[in-house]
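In: 3D, please:
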Amino acid sequence: MSHLQRITKVFAIALIIGFFGVGLTACENEGPAEEAGEEVDEAFEEAGDAIDETADEAEDAADEVEDELQ
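Out: So this is what the prediction gives:
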């Protein structure tokens, strides 16, 4: 590996580490948009859980009807 390639590689790694550092620092301070986004995520997760529960109940009911018909 040439000297220029080594310098380029070290610079690229330092740049990537810098971007991650800035990103992590920015994530620590939650603003109103971040809080709203988390509330939306939670609402969708709860809706998904409710849909899963309803689907499980429907499957159980269908299994009971199938058992009664046999």
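In: Mind naming the longest helix for this structure?
Out: helix 32-69 (DSSP state H).
In: Give the other helices and strands that that one contacts.
Out: Taking 3 or more C-beta pairs under 8 Å, 6 or more residues apart in numbering; DSSP states H and E as contact, there are no helices or strands that helix 32-69 lies on. (Each C-beta comes from the backbone N, C-alpha and C, glycine too.)
In: Rounded mean pLDDT for that helix, please.
Out: Averaged over helix 32-69, pLDDT sits at 88.
In: just stretch 15-29 next, same as before
Out: On average, stretch 15-29 scores 65.
In: At the geometric centre of this protein, which residue do we find?
Out: Closest to where the C-alpha atoms of the chain average out (C-alpha atoms, centre = their mean) is Asp41, at 9.1 Å.
In: ok, now how distant is that one from Glu64?
Out: Noted for Asp41: a distance of 35 Å to Glu64, by C-beta to C-beta, to the nearest Å.
In: how much space between the residue nearest to the centre of the chain and Val10?
Out: To Val10, Asp41 is 38 Å away according to C-beta to C-beta.
In: One more: Glu53?
Out: 53 Å.
In: Also Leu69?
Out: According to C-beta to C-beta, Leu69 and Val10 sit 72 Å apart.
In: now do Glu45
Out: From Glu45 to Val10 the distance is 42 Å (C-beta to C-beta).
In: One more: Phe19?
Out: Distance from Phe19 to Val10, by C-beta to C-beta: 15 Å.
In: again with Asp60
Out: According to C-beta to C-beta, Asp60 and Val10 sit 60 Å apart.
In: burial measure for Ala36, as a count.
Out: Neighbour count for Ala36, taken as other C-beta atoms under 10 Å: 10.
In: what sits against it?
Out: For Ala36, no contacting residues are found, by C-beta atoms under 8 Å, 6 or more residues apart in numbering.
In: For the remainder of this discussion, apply numbering that starts at 40.
Out: Sounds good: first residue 40 from here, last item Ala75.
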